[in-house]
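> One predicted model, sequence on top.
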Amino acid sequence: MPAFLSLADAIGRHVEDGMCVALEGFTHLIPFAAGHEIIRQGRKRLHLVRMTPDLIYDQMIGMGVADRLTFSWGGNPGVGSLHRLRDATERGWPNELAIFEHSHGEMAAAFAAGAAGLPHGLMKGPMDTDLPQHQEGRVASVVCPFTGQPLKAVRAVNPDVTILHAQKADRRGNVLIEGISGAVRDAAFAARAVLVTVEEIVDDLAAPMNALVLPHFVVTAISHVPGGAYPSYAQGCYGRDNSFYVGWDAVARERETFLAWMQEHCISKPDHRAHLESLGVLA
Amino acid sequence: MPAFLSLADAIGRHVEDGMCVALEGFTHLIPFAAGHEIIRQGRKRLHLVRMTPDLIYDQMIGMGVADRLTFSWGGNPGVGSLHRLRDATERGWPNELAIFEHSHGEMAAAFAAGAAGLPHGLMKGPMDTDLPQHQEGRVASVVCPFTGQPLKAVRAVNPDVTILHAQKADRRGNVLIEGISGAVRDAAFAARAVLVTVEEIVDDLAAPMNALVLPHFVVTAISHVPGGAYPSYAQGCYGRDNSFYVGWDAVARERETFLAWMQEHCISKPDHRAHLESLGVLA
Amino acid sequence: MSTAYTRDEMMTVAAARQLKDGDVCFVGIGKPSAACVLASMIHAPGLVLIYESGTVGTRPRVLPLSIGDGELAETADVVVPLPEIFTHYLQGGRIDVGFLGAAQIDRFGNLNTTVVGPYEKPVTRLPGAGGAPEIITHARDIFVIMHQSKRGFVDALDFRTSAGHLGGGGERRRKGYPGKGPSVVVTDIGLLRPDPDSDELVLVALFEGRTAEEAQAATGWPLRVADKLEVIAAPTDEELSALRSLMARTDAAHKAPIRIKLKQVQG
Amino acid sequence: MSTAYTRDEMMTVAAARQLKDGDVCFVGIGKPSAACVLASMIHAPGLVLIYESGTVGTRPRVLPLSIGDGELAETADVVVPLPEIFTHYLQGGRIDVGFLGAAQIDRFGNLNTTVVGPYEKPVTRLPGAGGAPEIITHARDIFVIMHQSKRGFVDALDFRTSAGHLGGGGERRRKGYPGKGPSVVVTDIGLLRPDPDSDELVLVALFEGRTAEEAQAATGWPLRVADKLEVIAAPTDEELSALRSLMARTDAAHKAPIRIKLKQVQG
């Protein structure tokens, strides 16, 4: 059964410098509050993993918590670049960032293999791209022993810690995720520890029979952090703040405005509630 | 968009002698009505695929529709043997039956690979059993190109036709499956054609957001056959008739009683409704 | 002193006692299922029951006849596609205990559920592997439950369906199996556990009124007996009454007639 | 005669017209999404829209800003885990059309969305592959939509993210790709299609008021022009009004302020 911890305690106990950490959620349910807490606690040299780095990794990378990034699409969706990610990869600010790049299909296969305890996943090709030149040790050609068909092997990803946001947990620690789930199920099963922030803790999940539920024995710690996905969203709770995503472009473009924003809205705030208050988005 | 056909037409148009056919459903939603229609139409030399042959394959094999069987557990659950399956494998009655045997994990991997367009799936071992001696061309050893770890490759299964039973279809042909689903999703995506019998055809599936829905473009034909899973069950519609499963043992033990039962309750009946009436199970 | 009880009841109760509260248990159908459900009703309310049909955290009030009865789905925390049970849960290393039955077992806990006699021309064709080979490979621990008899406890398996301790003497460990293999065999006479060095099953406990000689006579190899034999306490009143009412509910449920109301096309 | 319209509107309308009713379409974000949603509102009500976020059969009333907006989930027939989209739908061969954008395209329809300049020291780091390499490999047909300019239509890609017709001359076919690769590129000037023999993109159609010279001037290689150039009809009133109200609804939706009501622990 998972521990019910404050977010500060969950991050403090389970996320250590140098770890491989995946904050997952595909556009939906991105664990922003947990990312901010990692920044506040000053973690360093993390190997961050996410299919779509999104603003939370832009913030984390810009604040210097990471020195490696595994990903498959690094933009501000529908807006443009992640300026902090680009500053790190193009100019090494605030530190050098090694990137391990994949396609979405490869990342999905890597998480799925990790979840299934396999050392690699398989994909069918061909796929004549320039990516494999930069994927040594992560992608390889294999041959089907039955058909002789060439296949692509993608090395499994097994984070030390996967961090998710979800709508609900029950008191036994089962977690219900509704709506777009991306690779969260597989990222959770692939990880050694799973931290989940939730909108609500309830007596009964009232989950449909075939819902996406992470059973309690897969979850390490649960923290009650309502609004924890903002400016991403939680289906049925609040919508994605598209205007925040649009506005982030101007904030993140320059180092100074970025640092000032992080200071004002994240570092100087004790927790996520205060962060949301500082943005004026609480009802 | 799938065709809405009578069950007789769906089987008549899409199931041909010699085909590889999977009637799936794990204890739940077993397409008995479709199996009976295949018997009525006198198909021969089918390669039947199912994880758990269950009574429907006992009936089909006893009636001589199949000469090959791919499976992973061939019993009457909680009761005992499938006597017709045993008579075919042990004494070649009514005809010789070649068996291609797997474990559940292997069958799941074979269906999943088939669904994903892959020539084989992967499993982690070791698994020192006597099965591989009887699995030539279906199971092989491969080595992970990253770790050197030995793995088991299981050849994909891609039925010509997969036949399922489900609770509901909507008028566009989307199919909703609720409850225990076994390998039905993967068996459907692995197949060239998918026939589905349903309890109900509705305007709106009213499916939860993350339900198991087969989208209409994956489905070839839909037939409205209420009660089509009996004596298996349809969650939310009717329960499994455990007493039928218990009683089947005596019916199937001898060839004569079996043939008489099939004549009386299946062959001589025009359709599934008449079959259910003859068993006295209609409310 | 408790009420009279049958050997079957003793076996099920003893099997149930093997399970710890909080264990995540992959449940085989039949006797393993009865033991697991019973345990969850008595001393292990936090036992997580997983059936290969895809039901996770199920709490059936009656025993399923099949591994996929509706009761299992209705009382589950979640129902997932079967392939996910094998990939994410079992092979992914999330299962503490796999609880299995078998038709034959040998001295090293290898199991046969496939065939008696030659594979191609069987004397008795059994159901086959099901999920047992994967369960026995990947679950951290394995419990086996079987009636003890020379027919079942054999000197040499006709077919090895599921790998126990292989040839013994640490072969399984050397081969790097993720799970440790069968750690206990519950019979209707007592308990067998593998010797820590040789991996050979040794009689380590007897039910009240049973004897080591009886166990040896029901075993197809020269069964070793532990120097100190534990005696297993008879079922308590709580255990017996829970088991009996479970069985009574199960019988009634399985006999309840099914009547189908056919649904018409809408509109 | 229809109303005045912008070049962007013409491009989106022309792209939408490429889609057939009933197509199962894997939709890229941005311009592809606008074209697909517009098509589904006009001539292709049975178009099945799939976004890589896992939404199948979605019918958004406003355009998503991201590929995983709630609107996509709320209006979908079903939402599945993302890995299933790539295995069961895309690699499994269930997609008729993949609709993509890109930063760079070459004469054979190969695409770059990764980097301008060298990979290790980029001039401009682009978002990367996303699902494009798999979409372009497996979807039966591929439509591309891009503004035409020398910066985008380049003689040589800085990085090949997604394989179009490779080196041309049937190389893609010979290599056994499941899908046939890009069959049309919709720009703000007209349409390009690959030559059936060489696979080189050829200007085959112009929007009203645009010229072949304009297209050639906006292309980084010597652009071939078809002998007979089709002229694409201006947007109809129905198309324009559908597109404009879609855009207006989208703008309003994206600007609507988000306010969060925090949920408390129960009990």
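Happy to help now that I have it.
> So the residue in the stretch 151-283 of chain A that chain B sits nearest to versus chain D, what's the distance?
Closest contact between the stretch 151-283 of chain A and chain B, by Cβ to the nearest Cβ, is at residue A:208 (3.9 Å). (C-beta placed from N, C-alpha, C; glycine too.) With distances taken as Cβ to the nearest Cβ, to the nearest Å, residue A:208 is found 12 Å from chain D.
> cool, and residue C:90?
18 Å.
> What ranges does the stretch 101-250 of chain C have for its strands?
Assigned by DSSP state E, counting those that start in this stretch, the stretch 101-250 of chain C shows strands spanning C:104-105, C:111-112, C:115-116, C:124-125, C:141-145, C:182-186, C:190-194, C:201-207, C:224-232.
> out of those strands, nearest to chain B?
Relative to chain B, the nearest member of the strands of the stretch 101-250 of chain C by Cβ to the nearest Cβ is strand C:124-125, separated by 4.8 Å.
> any idea of the pLDDT on the residue in the stretch 1-150 of chain A that chain D sits nearest to?
Chain D sits closest to residue A:27 of the stretch 1-150 of chain A, with a gap of 2.7 Å, by Cβ to the nearest Cβ. We have a pLDDT of 95 for residue A:27.
> looking at the strands of the stretch 101-250 of chain C, which one has the lowest mean pLDDT?
Across the strands of the stretch 101-250 of chain C, the lowest-scoring stretch is strand C:124-125, with a mean of 91.
> before we move on, back to that, ok, now which ones touch the residue of the stretch 151-283 of chain A closest to chain B?
Residue A:208 makes contacts with B:178, B:208, B:210, B:211, as judged by Cβ atoms under 8 Å, 6 or more residues apart in numbering or on different chains.
> quick revisit: okay, the strands of the stretch 101-250 of chain C in JSON lines with mean neighbour count and distance to chain B next?
Shown next, in JSON lines, are the strands of the stretch 101-250 of chain C (neighbours: other Cβ atoms under 10 Å in any protein chain shown; distance: least, Cβ to the nearest Cβ, whole Å):
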{"stretch": "strand C:104-105", "mean neighbour count": "26", "distance to chain B": "12"}
{"stretch": "strand C:111-112", "mean neighbour count": "27", "distance to chain B": "9"}
{"stretch": "strand C:115-116", "mean neighbour count": "22", "distance to chain B": "9"}
{"stretch": "strand C:124-125", "mean neighbour count": "18", "distance to chain B": "5"}
{"stretch": "strand C:141-145", "mean neighbour count": "24", "distance to chain B": "14"}
{"stretch": "strand C:182-186", "mean neighbour count": "24", "distance to chain B": "14"}
{"stretch": "strand C:190-194", "mean neighbour count": "24", "distance to chain B": "16"}
{"stretch": "strand C:201-207", "mean neighbour count": "22", "distance to chain B": "18"}
{"stretch": "strand C:224-232", "mean neighbour count": "14", "distance to chain B": "23"}
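> Same list (those strands) but as CSV, adding distance to chain A.
Formatted as CSV, these follow (distance: least, Cβ to the nearest Cβ, whole Å):
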stretch, distance to chain A
strand C:104-105, 27
strand C:111-112, 22
strand C:115-116, 26
strand C:124-125, 27
strand C:141-145, 15
strand C:182-186, 20
strand C:190-194, 25
strand C:201-207, 28
strand C:224-232, 29
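> I'd like these written out as JSON lines, with distance to residue B:68 added.
Converted to JSON lines, the strands of the stretch 101-250 of chain C look like this (distance: least, Cβ to Cβ, whole Å):
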{"stretch": "strand C:104-105", "distance to residue B:68": "27"}
{"stretch": "strand C:111-112", "distance to residue B:68": "24"}
{"stretch": "strand C:115-116", "distance to residue B:68": "18"}
{"stretch": "strand C:124-125", "distance to residue B:68": "16"}
{"stretch": "strand C:141-145", "distance to residue B:68": "33"}
{"stretch": "strand C:182-186", "distance to residue B:68": "34"}
{"stretch": "strand C:190-194", "distance to residue B:68": "40"}
{"stretch": "strand C:201-207", "distance to residue B:68": "38"}
{"stretch": "strand C:224-232", "distance to residue B:68": "45"}
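> Of all these, which one is nearest residue A:58?
strand C:141-145 (45.3 Å; Cβ to Cβ).
> Not counting its own residues, what contacts that closest one?
C:11, C:15, C:18-19, C:31-32, C:35, C:96-102, C:105, C:109, C:111, C:135-136, C:164, C:179-187.
> now the helices for the chain?
In the absence of a named chain, this looks at chain A. Counting by DSSP state H, chain A has these helices, from start to end: A:7-14, A:32-40, A:54-62, A:83-91, A:104-115, A:184-190, A:242-253, A:255-262, A:272-279.
> wrong chain, I was asking about chain C
With DSSP H, the ranges of helices along chain C come out as C:7-17, C:31-41, C:70-74, C:82-84, C:132-138, C:171-174, C:212-217, C:237-255.
> Could you dump those into a markdown table and include mean neighbour count and mean pLDDT?
What follows is the helices of chain C, written out as a markdown table (neighbours: other Cβ atoms under 10 Å in any protein chain shown; pLDDT from 0 to 100):
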| stretch | mean neighbour count | mean pLDDT |
| --- | --- | --- |
| helix C:7-17 | 23 | 97 |
| helix C:31-41 | 25 | 96 |
| helix C:70-74 | 24 | 93 |
| helix C:82-84 | 26 | 97 |
| helix C:132-138 | 27 | 98 |
| helix C:171-174 | 16 | 97 |
| helix C:212-217 | 15 | 98 |
| helix C:237-255 | 16 | 95 |
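> Indicate which one of the ones you listed is closest to residue A:219.
helix C:82-84 (16.6 Å).
> who does the closest one touch, helix- and strand-wise?
For helix C:82-84, the packing partners by 3 or more Cβ pairs under 8 Å, 6 or more residues apart in numbering or on different chains; DSSP states H and E come out as helix B:104-115.
> Please identify the most buried of the helices of chain A.
Highest mean neighbour count of the helices of chain A: helix A:104-115, a mean of 30 (counted as mean count of other Cβ atoms under 10 Å in any protein chain shown).
> what about it and chain C, any contact?
Yes. Using Cβ under 8 Å from any Cβ of the partner chain, we find that helix A:104-115 touches chain C at A:112, A:115.
> From the contact counts, what lies against that helix?
strand A:120-124, strand A:150-155, helix A:184-190, helix D:82-84, helix D:132-138.
> And those: which comes nearest residue D:92?
Nearest of the helices and strands packed on helix A:104-115 to residue D:92, taken as Cβ to Cβ: helix D:132-138 at 8.3 Å.
> And the contacts of that closest one?
Residues outside helix D:132-138 that contact it (Cβ under 8 Å, 6+ apart) are A:103-105, A:123-127, A:129, A:131, B:117, D:26, D:28, D:52, D:86, D:90-91, D:93, D:95, D:98, D:100, D:102, D:111, D:113, D:142, D:161-164, D:177-179, D:181-182.
> Need the CA coordinates for that helix. CSV is fine.
Output of helix D:132-138 as CSV, limited to C-alpha atoms (Å, rounded to 0.1, in the frame of the first residue of the first chain):
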residue,chain,number,x,y,z
ALA,D,132,5.8,11.4,-37.9
PRO,D,133,8.4,8.6,-38.8
GLU,D,134,5.8,5.9,-37.9
ILE,D,135,2.9,7.7,-39.6
ILE,D,136,4.8,8.2,-42.8
THR,D,137,5.9,4.6,-42.9
HIS,D,138,2.6,2.9,-42.1
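> returning to what we had before: in PyMOL, how would I select the buried members of the contacts of helix D:132-138?
Buried members of the contacts of helix D:132-138, defined by 16 or more other Cβ atoms under 10 Å in any protein chain shown, are picked up in PyMOL with:
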select buried, (chain A and resi 103+104+105+123+124+125+127+129+131) or (chain B and resi 117) or (chain D and resi 26+28+52+86+90+91+93+95+98+100+102+111+113+142+161+162+163+164+177+178+179+181+182)
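> contacting residues around the closest residue to chain C within the stretch 51-200 of chain A?
Nearest residue of the stretch 51-200 of chain A to chain C (Cβ to the nearest Cβ) works out as residue A:116 at 3.7 Å. Residues near residue A:116 by Cβ under 8 Å, 6+ apart: A:189, B:124, C:87, C:88, C:91, C:92.
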